[in-house]
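Trainee: Okay, here's the prediction I keep looking at, along with the sequence it came from:
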Amino acid sequence: MLHETANNADRPVDLAEYNWQAHSVLVVDDEGGMRNFLERTLARRCGMVQSAADVEHAAALMARLHFDLLILDIALPGKSGIEWLHELREHGYSGDVILVTAFADLETAINALRGGASDFILKPFRVDQILNSIKRCFERARLARENFVLRRELAGLAADPIGLVGHSPAIEQLRGLIRRVGLMPSTVLLQGESGTGKEVVARALHQTSPRAQRPFVPLNCAAIAAELIESELFGHVKGAFTGATESRNGLFYYAHGGTLFLDEISELPLALQTRLLRVLEERKLRPVGSEREVPVDVRIIAASNRDLAAEVAAGRFRQDLYYRLAVVDIVIPPLRARSEDIPDLVRHFMQQLATQLGVAPLLLSHEIVTRLAAYPWPGNVRELRNFVERSMILGCFPPEPVFAAAAPPPPRAGELELSLAEVERRHIERVTAACRGNKTEAARRLGVSRKTLERKFAEWGERGGEADEVLERHA
């Protein structure tokens, strides 16, 4: 586009709409004043801005650094901007290039655009002109990335609607189980450590079922207060309780015909477990405060990172509900049991995060893969994804073996004689103290729900300070 003052360029640029910090720019101009002007203008907005006075120095910068955009003067000493643009395109550079010049005619503009220029601007230009041109380049790049990722996702779904990543024996066995169980109407119980991907498996079961075109509704039972979860699930009528100023449908209503995924189901209060069992058996529910029963057609998939059989034995979970949920019991393997899937998972996460973060994927060397496979990943796939995201933000995988768990400090005098329960209590109390009594933050660090933490403190309140007395006795 040949212009000095195009209508679109006159409009002010809303920088807040664009993540300019994710982009890098190289300015190539032999005029020192123009280079300084563009550097100052863009340095406040873009993640990295470099400049060069000629093609030779610009090529040296490009050999060391990646640039999303070039702002290139046509009249350069030694080699013109258009000549270099043709060479860049021939060698596979796919980034945007904005050509600028003080002297041009229509033929020059046509040659520039044929050579692969994204825009063509005449000097002198205003700040809003160059910013709008840059904004259009960044927006095109963003759409191209999103379309690329979308095509890959659609291709992946066509090849494997289950959507699990990896080809280890454990994950292949899980795929086969999902394909078989997904077709059945039976209730499913998913068990596995935190971060293993229980919701991913639940969604896969839904996608492979005859209910795939109907809603998939997830609920984390630990994230809702005990006094509100009944209304959240079953709905309520106006005036059912204080604050119920209008009637409201529950999640069973919204999941009708589809799948309701109840994560961390071990956190359901016992009274609510009774109601859930009745709904599963009778296929009817009664909203809170209502006398009317409502028929429901919902498949239940439940999940827990705790051993529900042990919870039943401890009296914290109803045995009849456990048997009703565990018609099919699927145990999801931890990441350490399928370490051969780590390279596939890392590449998958990098492709996902490249668009979100606006950065290129990192090089995954054999050395990095070996170190990742040697780490036990207590946080499982969730921890691996967080590690990949942190590495992409930093621009490299950490060079040191930061994956290795730190060695525990030597035990204090007397701690070796504590029981496992007492050691657990001491650890929880220390973490809570480090969080200044913030139990929500302490629960997050400990990898348990807030309800679990509250229950622990309630139990210790009944027992008194036995652990402290033992420590004092042996200190």
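Mentor: Arrived safely, thanks for sending. On a predicted model such as this, the values are computed, not experimentally measured, just so you know.

Trainee: Going along the chain, name the strands of the stretch 301-450 of the chain.
Mentor: 328-331 (DSSP state E, counting those that start in this stretch).

Trainee: Where does pLDDT dip in it?
Mentor: Within the stretch 301-450 of the chain, the segments meeting pLDDT under 70 span 399-420.

Trainee: and Ala60, how many neighbours?
Mentor: 11 (other Cβ atoms under 10 Å). All C-beta spots, glycine's among them, are computed from the backbone N, C-alpha and C.

Trainee: Give me the helices and strands touching the helix or strand that contains it, please.
Mentor: Assigned by DSSP states H and E, Ala60 belongs to helix 55-64. Packing contacts for helix 55-64, counted by 3 or more Cβ pairs under 8 Å, 6 or more residues apart in numbering; DSSP states H and E, involve strand 24-28, strand 48-52, helix 81-90.

Trainee: what comes into contact with the following helix or strand past that helix?
Mentor: Using DSSP H and E, the helix or strand that follows helix 55-64 towards the C-terminus is strand 69-73. With contacts defined as Cβ atoms under 8 Å, 6 or more residues apart in numbering, strand 69-73 is touched by 23-31, 34, 38, 58, 81, 84-85, 88, 95-101, 130, 134, 137-138.

Trainee: Return the set of buried residues in stretch 84-96.
Mentor: Trp84, Leu85, Leu88, Gly95, Asp96 (16 or more other Cβ atoms under 10 Å).

Trainee: Only alpha carbons, please: show it as PDB.
Mentor: C-alpha atoms of stretch 84-96 as PDB (Å, rounded to 0.1, in the frame of the first residue of the first chain):
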ATOM      1  CA  TRP A  84      17.900  -7.500   0.800                       C
ATOM      2  CA  LEU A  85      14.200  -8.200   1.200                       C
ATOM      3  CA  HIS A  86      14.300 -10.500  -1.900                       C
ATOM      4  CA  GLU A  87      17.200 -12.300  -0.400                       C
ATOM      5  CA  LEU A  88      15.500 -12.700   3.000                       C
ATOM      6  CA  ARG A  89      12.400 -14.200   1.400                       C
ATOM      7  CA  GLU A  90      14.500 -16.600  -0.700                       C
ATOM      8  CA  HIS A  91      16.200 -17.800   2.400                       C
ATOM      9  CA  GLY A  92      12.900 -18.400   4.200                       C
ATOM     10  CA  TYR A  93      12.400 -15.400   6.500                       C
ATOM     11  CA  SER A  94       8.700 -15.200   7.100                       C
ATOM     12  CA  GLY A  95       8.500 -12.200   9.400                       C
ATOM     13  CA  ASP A  96       6.800  -9.000   8.500                       C
END
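
Trainee: how about stretch 434-452 as PDB, C-alpha atoms only?
Mentor: Provided in PDB are the C-alpha atoms of stretch 434-452 (Å, rounded to 0.1, in the frame of the first residue of the first chain):
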ATOM      1  CA  ALA A 434       4.800 -19.800  57.000                       C
ATOM      2  CA  CYS A 435       1.600 -18.700  55.300                       C
ATOM      3  CA  ARG A 436       0.800 -16.400  58.300                       C
ATOM      4  CA  GLY A 437      -2.200 -18.500  59.100                       C
ATOM      5  CA  ASN A 438      -3.700 -18.300  55.600                       C
ATOM      6  CA  LYS A 439      -5.200 -21.700  55.300                       C
ATOM      7  CA  THR A 440      -6.200 -21.300  51.600                       C
ATOM      8  CA  GLU A 441      -2.600 -20.600  50.700                       C
ATOM      9  CA  ALA A 442      -1.300 -23.400  53.000                       C
ATOM     10  CA  ALA A 443      -3.700 -25.900  51.400                       C
ATOM     11  CA  ARG A 444      -2.500 -24.800  47.900                       C
ATOM     12  CA  ARG A 445       1.200 -25.400  49.000                       C
ATOM     13  CA  LEU A 446       0.400 -28.700  50.600                       C
ATOM     14  CA  GLY A 447      -1.600 -29.900  47.500                       C
ATOM     15  CA  VAL A 448      -4.900 -30.500  49.400                       C
ATOM     16  CA  SER A 449      -8.200 -28.800  49.600                       C
ATOM     17  CA  ARG A 450      -9.100 -26.100  52.100                       C
ATOM     18  CA  LYS A 451     -11.800 -28.500  53.500                       C
ATOM     19  CA  THR A 452      -9.200 -31.200  54.100                       C
END
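
Trainee: ok now that stretch, how far from the chain's centre?
Mentor: Relative to its chain's centre, stretch 434-452 lies at 22 Å (Cα atoms, centre = their mean, to the nearest Å).

Trainee: what's that stretch in contact with?
Mentor: 194, 222-223, 226, 264, 267, 379, 428, 431-432, 453-454, 457.

Trainee: And the helix holding Ala60, how far out from the chain middle?
Mentor: Using Cα atoms, centre = their mean, the offset of helix 55-64 from its chain centre is 36 Å.

Trainee: mean confidence for that helix?
Mentor: Averaged across helix 55-64, pLDDT comes to 86.

Trainee: Might you specify the subset of the contacts of stretch 434-452 located within helices?
Mentor: Ala226, Ile428, Val431, Thr432, Leu453, Glu454, Phe457 (DSSP state H).

Trainee: The third one: how many residues sit nearby?
Mentor: The tally of other residues near Val431 (other Cβ under 10 Å) stands at 17.

Trainee: Which residue, other than its chain neighbours, is closest to it?
Mentor: Nearest non-adjacent residue to Val431, counting by Cβ to Cβ, 6 or more residues apart in numbering: Ala442, 5.1 Å away.

Trainee: cool, and Asn380?
Mentor: Nearest to Asn380 is Gly195, by Cβ to Cβ, 6+ apart, at 3.5 Å.

Trainee: give me the number of residues near the one you found?
Mentor: 20.

Trainee: ok, it touching Arg382?
Mentor: Yes. With contact defined as Cβ atoms under 8 Å, Gly195 counts as touching Arg382 (3.4 Å).

Trainee: Could you pull up the contacting residues of the residue nearest to Asn380?
Mentor: Gly195 neighbours (Cβ under 8 Å, 6+ apart): Leu335, Gly379, Asn380, Val381, Arg382, Glu383.

Trainee: Among these, filter down to the buried ones and hand me the PyMOL syntax, if you would.
Mentor: Here is the PyMOL command that selects the buried residues among the contacts of Gly195 (16+ other Cβ under 10 Å):
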select buried, resi 335+379+380+381+383
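
Trainee: Not counting its neighbours along the chain, what's nearest the most centrally placed residue in the chain?
Mentor: Geometric centre of the chain, nearest residue: Arg385, 7.2 Å, by Cα atoms, centre = their mean. Using Cβ to Cβ, 6+ apart and skipping the chain neighbours, the partner closest in space to Arg385 is Phe349 (5.0 Å).

Trainee: Return the alpha-carbon coordinates of the helix holding Ala60 using PDB.
Mentor: Extracted in PDB, the C-alpha atoms of helix 55-64 (Å, rounded to 0.1, in the frame of the first residue of the first chain):
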ATOM      1  CA  VAL A  55      22.400  -4.500   5.700                       C
ATOM      2  CA  GLU A  56      25.800  -6.000   6.800                       C
ATOM      3  CA  HIS A  57      25.200  -5.100  10.500                       C
ATOM      4  CA  ALA A  58      21.500  -6.000  10.200                       C
ATOM      5  CA  ALA A  59      22.300  -9.500   8.900                       C
ATOM      6  CA  ALA A  60      24.800 -10.000  11.800                       C
ATOM      7  CA  LEU A  61      22.000  -9.100  14.300                       C
ATOM      8  CA  MET A  62      19.600 -11.500  12.600                       C
ATOM      9  CA  ALA A  63      22.200 -14.300  12.700                       C
ATOM     10  CA  ARG A  64      22.200 -14.000  16.500                       C
END
